[in-house]
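Engineer: Here is my input; please provide its structure:
(one chain, ligands or ions: 1)
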Amino acid sequence: MTDTAYPAAPLSAAPTTTRPRTYEVKTYGCQMNVHDSERISGMLDTAGYVPAEAGTDPDLVVFNTCAVRENADNRLYGNLGHLAKVKEANPDFQIAVGGCMAQKDRDVIVQRAPWVDVVFGTHNMGSLPTLLERARHNREAQVEILESLEVFPSTLPTTRDSTHSAWVSISVGCNNTCTFCIVPSLRGKEKDRRPGDILAEVEALAAEGVVEVTLLGQNVNSYGAEFRDRGAFAKLLRAVGQVPGIRRVRFTSPHPAMFTDDVIEAMADTPTVMPQLHMPLQSGSDRILKSMRRSYRSSRFLGILEKVRERMPEAAITTDIIVGFPGETEEDFRATLDLVERARFSQAFTFQYSVRPGTPAATMKNQIPKEIVQERFERLVALQDSIAHEENRKLIGTEVEVLVTKVPADGRLSGRAADNRLVHVAADPSVGTVRPGDMVRTTVTEAKPYFLIADAPLTLERTVAGDAWDRAQAESCGTGSGTARPSGPTSLGMPTMPVRSDR
Ligand code: SF4
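Structural biologist: Purely as a prediction, here's the structure:
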């Protein structure tokens with residue numbers, strides 16, 4: 001563990017008012033970070049902070065950073081630079097930096113931006129309120145980074161972004177060594193949470209009105225490796241799918257190398273596990289997959305898709321693809337285009353390869369010039385968009401059940417179909433007030449590459465999730481059934497469960 005106090009941070013000072021301090025959490029990166037930010041909010045709420053109203057200046061800004069995306073450093077230091085003046089004008093104002101960049105850069109952050117008050121890592125989010133307090137009291141920047149996880153993060157209080165849908169961590173860290181990825185060095189080896197703890201959390205969420213859960217791990221297929229149960233993920237899917245009140249179960253992300261048939265069977269057999277799969281491809285070239293140290297080949301990837309579609313013909317399959325990995329030739333890239341043609345993804349998250357310091361790929365020879373990467377990227381996006389559009393058009397005239405996520409004051413409602421496609425639904429005042437969390441059934445009338453439109457009659461099912469949204473809104477502003485967006489409730493975290501360190 002690094003735990004450093006810097007004499008810098010000259011601008012930190014004790015608060016001069018007794019009103020609750022307000023905060024804003026700025027999140028970058030993946031779903032892991034989104035969920036971690038819910039925990040950061042939960043801890044701050046529990047410590048007496050309150051979220052800053054939109055349009056007001058917070059007393060505390062927390063950056064939950066990502067080291068995976070391109071230019072993460074520039075972005076962070078640019079943002080910190082903008083806040084230097086705010087800090088100078090208001091010594092009570094505090095800045096905290098957490099997440100993967102903090103874990104990676106640690107002391108460097110307060111050297112480059114000495115007006116930062118707290119730097120905390122991915123393994124010790126729970127320390128944030130204490131570190132903020134200590135920074136104020138000591139008038140010194142606090143840097144605390146743990147090298148490994150001591151307590152599974154689900155034991156921390158969490159303020160969910162949504163009343164109807166929740167992330168549930170099943171594991172953290174990753175045992176793989178993909179050459180483009182910084183995750184293993186920042187998040188450590190995979191730690192699996194016990195199935196009983198996961199089920200207890202899902203049951204507690206259902207009791208609060210949550211109807212949709214997404215099981216979260218860097219590599220969900222290897223769940224159970226730590227307690228030596230190869231079938232653990234399939235069993236978990238079946239068990240979570242049976243929790244009363246939970247109507248939609250999703251998961252992210254699986255790894256093609258470890259994707260086993262029992263998971264496909266569990267998906268197909270469990271009605272609440274949604275017909276949707278997000279499975280990262282990264283490249284369609286076996287040569288590049290090898291260089292990426294992704295231990296599957298394109299034929300295996302396509303084989304999994306075939307089996308999934310055999311059992312769930314309606315499944316929507318999405319993926320991640322990196323373009324321009326070091327050494328990628330035109331022939332390699334064409335292999336990716338070819339696989340994309342065959343796979344018929346409903347959506348692909350496409351990334352241009354960029355050097356991520358600290359990863360093996362960063363020092364590989366044959367880095368691809370930016371203009372070539374850009375040109376390939378545009379070809380891939382054009383192909384994928386046309387495929388997504390074609391696939392979406394096939395759905396015109398079909399009925400969809402949409403979990404409503406957004407209810408604007410005017411215009412269409414938005415939500416997700418069972419296969420996770422985004423659907424914009426024409427509002428129909430005759431059915432009554434629709435709340436986020438309610439379900440509507442309607443018919444697809446139009447298709448775009450990235451979403452569906454349903455301008456057709458609808459039927460409304462008012463759900464416990466909609467009731468939960470009403471309650472949350474009533475608590476936040478005393479009204480209910482309006483259009484403002486309250487956050488979900490703060491749970492106090494699951495019973496403390498130390499992470500096993502013996503394996
Ligand atoms: S599977 Fe590969 S890309 Fe995914 S988190 Fe692990 S090392 Fe990174």
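
Engineer: Can you tell me which residues in this structure are near the ligand?
Structural biologist: 174, 176, 178, 181, 183-184, 218-219, 255 (CB under 6 Å from any ligand atom). Where you see a C-beta, it was placed from the backbone N, CA and C, and this is true even at glycine.

Engineer: quick one: which of those residues is most hemmed in?
Structural biologist: The most crowded member of these is Cys181, carrying 24 neighbours; neighbours defined as other CB atoms under 10 Å.

Engineer: which element follows the worst-scoring helix or strand of the chain on mean pLDDT toward the C-terminus?
Structural biologist: Ranked by mean pLDDT, DSSP states H and E, the weakest helix or strand in the chain is strand 2-6, scoring a mean of 43. Downstream of strand 2-6, the first helix or strand assigned by DSSP states H and E is strand 22-27.

Engineer: Strands of the stretch 251-400 of the chain, start to end?
Structural biologist: For the stretch 251-400 of the chain, applying DSSP state E, counting those that start in this stretch gives strands covering 276-278, 316-323, 347-352, 399-406.

Engineer: tell me the most buried of these?
Structural biologist: strand 276-278 (a mean of 24; mean count of other CB atoms under 10 Å).

Engineer: Provide a list of residue ranges in this structure with pLDDT below threshold.
Structural biologist: Of all residues in the chain, those with pLDDT under 70 make up the ranges 1-17, 69-71, 148-155, 477-503.

Engineer: Inside helices: which ones of the residues of the chain next to the ligand?
Structural biologist: Using DSSP state H, 183-184 are the members of the residues of the chain next to the ligand that sit in helices.

Engineer: quick check, nearest of the residues of the chain next to the ligand to Glu140?
Structural biologist: Distance to Glu140, by CB to CB, is smallest for Val183 among these, at 31.0 Å.

Engineer: OK, now which residue of the stretch 301-450 of the chain is nearest to the ligand?
Structural biologist: Asp320 (8.7 Å; CB to the nearest ligand atom).

Engineer: According to the record, where do the domains of the protein fall?
Structural biologist: Annotated domains of the chain cover 2-145, 399-487 [automatic domain parsing].

Engineer: how far out from the middle of the chain is the longest one?
Structural biologist: Going by CA atoms, centre = their mean, to the nearest Å, the spacing between the C-alpha centre of domain 2-145 and its chain's C-alpha centre is 20 Å.

Engineer: Export the domains of the chain to TSV and append columns for distance to Lys307.
Structural biologist: TSV is the format used below for those (distance: least, CB to CB, whole Å):
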stretch	distance to Lys307
domain 2-145	25
domain 399-487	17
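
Engineer: which SS class is Gln142?
Structural biologist: Judged by DSSP: H, G, I helix; E, B strand; the rest coil, the three-state class of Gln142 is strand.

Engineer: in the sheet, who's paired with Thr27?
Structural biologist: Asn64 (DSSP bridges).

Engineer: what's around it, how many residues?
Structural biologist: 20.

Engineer: ok, it - contacts?
Structural biologist: Thr27 sits next to 33-34, 37, 64 when contact means CB atoms under 8 Å, 6 or more residues apart in numbering.

Engineer: Next, work out how far apart it and Ala361 are.
Structural biologist: To Ala361, Thr27 is 25 Å away according to CB to CB, to the nearest Å.

Engineer: List phi and psi for the closest residue to the ligand within the stretch 201-350 of the chain.
Structural biologist: Using CB to the nearest ligand atom, the closest approach of the stretch 201-350 of the chain to the ligand is made by Gln218 at 3.9 Å. The phi/psi pair for Gln218 (degrees, to the nearest 10) reads phi -60, psi -30.

Engineer: Once you drop chain neighbours, what's closest to it?
Structural biologist: Cys174 (4.0 Å; CB to CB, 6 or more residues apart in numbering).

Engineer: so who does that neighbour touch?
Structural biologist: 181, 183-184, 187, 189-190, 218-219 are the contacts of Cys174 under CB under 8 Å, 6+ apart.

Engineer: ditto for Ala72
Structural biologist: Per CB under 8 Å, 6+ apart, neighbours of Ala72: 28, 65-66, 100-101.

Engineer: at 7 Å what do you get?
Structural biologist: If you count contacts by CB atoms under 7 Å, 6 or more residues apart in numbering, Ala72 has them with 65-66, 101.

Engineer: of those, closest to the ligand?
Structural biologist: Nearest to the ligand among the contacts of Ala72 is Cys66, at 12.5 Å by CB to the nearest ligand atom.

Engineer: Look at that closest one and say how many residues are nearby.
Structural biologist: Cys66: 20 neighbours (other CB under 10 Å).

Engineer: gap between it and Cys100?
Structural biologist: Distance, Cys66 to Cys100, using CB to CB: 6 Å.

Engineer: Not counting its neighbours along the chain, what's nearest Ser41?
Structural biologist: Counting by CB to CB, 6+ apart, Thr159 is the residue found nearest to Ser41 once chain neighbours are left out, at 3.9 Å.

Engineer: That neighbour against Arg39, yeah?
Structural biologist: No. Applying CB atoms under 7 Å as the test, Thr159 and Arg39 come out as separate, 8.1 Å apart.

Engineer: which of those two has more neighbours?
Structural biologist: Taking neighbours as other CB under 10 Å, Thr159 and Arg39 compare with Arg39 leading, 25 against 21.

Engineer: ok so the more buried one is a strand residue?
Structural biologist: No. Going by three-state DSSP, the assignment for Arg39 is helix, not a strand.

Engineer: measure it to the ligand for me?
Structural biologist: 19 Å (CB to the nearest ligand atom, to the nearest Å).

Engineer: Over to Arg462?
Structural biologist: From Arg462 across to the ligand, the span is 39 Å (CB to the nearest ligand atom).

Engineer: got a list of what that residue touches?
Structural biologist: Taking CB under 7 Å, 6+ apart as the contact definition, Arg462 lies against Asp438.

Engineer: Identify the bridge partners of the residue nearest to Gln384 when sequence neighbours are not counted.
Structural biologist: Among residues not flanking Gln384 along the chain, Ala348 sits closest, at 4.7 Å (CB to CB, 6+ apart). On the basis of DSSP bridges, Ala348 is bridged to Thr319.

Engineer: Can you give me the buried ones in stretch 55-74?
Structural biologist: Neighbour-count burial for stretch 55-74 flags 58-69, 72-73 (criterion: 16 or more other CB atoms under 10 Å).

Engineer: what's the answer for stretch 126-139, then?
Structural biologist: Residues 126-132, 134-136, 139 are the ones in stretch 126-139 that count as buried (16+ other CB under 10 Å).

Engineer: Can you tell me which of the contacts of Cys174 is nearest Pro429?
Structural biologist: For the contacts of Cys174, the nearest to Pro429 is Gln218 (44.4 Å; CB to CB).

Engineer: what's the closest one in contact with, if anything?
Structural biologist: 173-174, 183, 187.

Engineer: Can you tell me, leaving aside adjacent residues, what's nearest to Glu446?
Structural biologist: Residue nearest to Glu446 in three dimensions, not counting chain neighbours: Ile453, with 3.9 Å by CB to CB, 6+ apart.

Engineer: And for stretch 259-276, what's in contact with it?
Structural biologist: Applying CB under 7 Å, 6+ apart, the contact partners of stretch 259-276 are 221, 231, 233-234, 237-238, 241, 246-250, 304, 307-308, 311-312, 314-316, 418-420.
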